[in-house]
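A.B. asks: for reference, the sequence and a predicted model appear below.
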Amino acid sequence: MKNFILSAAIIAFAGVSTVKANEINTPIATTIQQDSSSKVPVKLEELPEAVKTTIKADAYKEWQPTTAFLITNADKSTFYQINVKKGSELAFLKVSKEGAVIQ
């Protein structure tokens with residue numbers, strides 16, 4: 001009787017261990033959205049005076065401007081992205097050509 005139970009257990013284990021799962025391939029839809037804005041580097045000294053005044057204001061005086069870009073969106077609106085640094089902290093400001101900070 002013990003041999004019968006042991007044999008049945010071995011056969012059952014062998015049967016379970018040889019089962020292969022079927023691979024199910026489900027297509028995944030991938031969408032790539034292309035950014036339709038352009039980013040042109042601008043020298044800090046070539047920024048409009050209104051933008052220079054804004055980045056020198058008291059609210060931003062502790063931040064050192066590092067680089068600037070003129071961003072033109074698909075709808076033809078433009079703004080300046082000013083990358084700034086304070087110690088090891090990095091950030092950027094979006095400033096309109098009139099000098100208004102854009103949130």
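C.D. replies: All right, it came through fine. Numbering: from 1, shown residues only.
A.B. asks: hmm, residue 95 is touching residue 52, no?
C.D. replies: No: with contacts counted by CB atoms under 8 Å, residue 95 stays clear of residue 52, the gap being 9.6 Å. Heads up, the C-betas are built off the backbone N, CA and C, glycines and all.
A.B. asks: these two: which is more packed in?
C.D. replies: Remark: of residue 95 and residue 52, residue 95 carries more neighbours, 24 against 17, as counted by other CB atoms under 10 Å.
A.B. asks: show me what contacts the nearest residue to residue 103 once chain neighbours are set aside?
C.D. replies: Closest residue in space to residue 103, ignoring its immediate chain neighbours: residue 94 at 7.7 Å, by CB to CB, 6 or more residues apart in numbering. Shown in contact with residue 94 (CB atoms under 8 Å, 6 or more residues apart in numbering): 71, 79, 80, 81, 101, 102, 103.
A.B. asks: so where's this structure shaky on pLDDT?
C.D. replies: Judged by pLDDT under 70, the chain has its weakly predicted residues at 1-36.
A.B. asks: quick one: the strands in this protein?
C.D. replies: In the chain, the strands defined using DSSP state E lie at 38-42, 64-72, 78-86, 89-95, 101-102.
A.B. asks: give me whichever of those is most buried.
C.D. replies: Across the strands of the chain, the average number of neighbours (mean count of other CB atoms under 10 Å) peaks for strand 78-86, which reaches a mean of 17.
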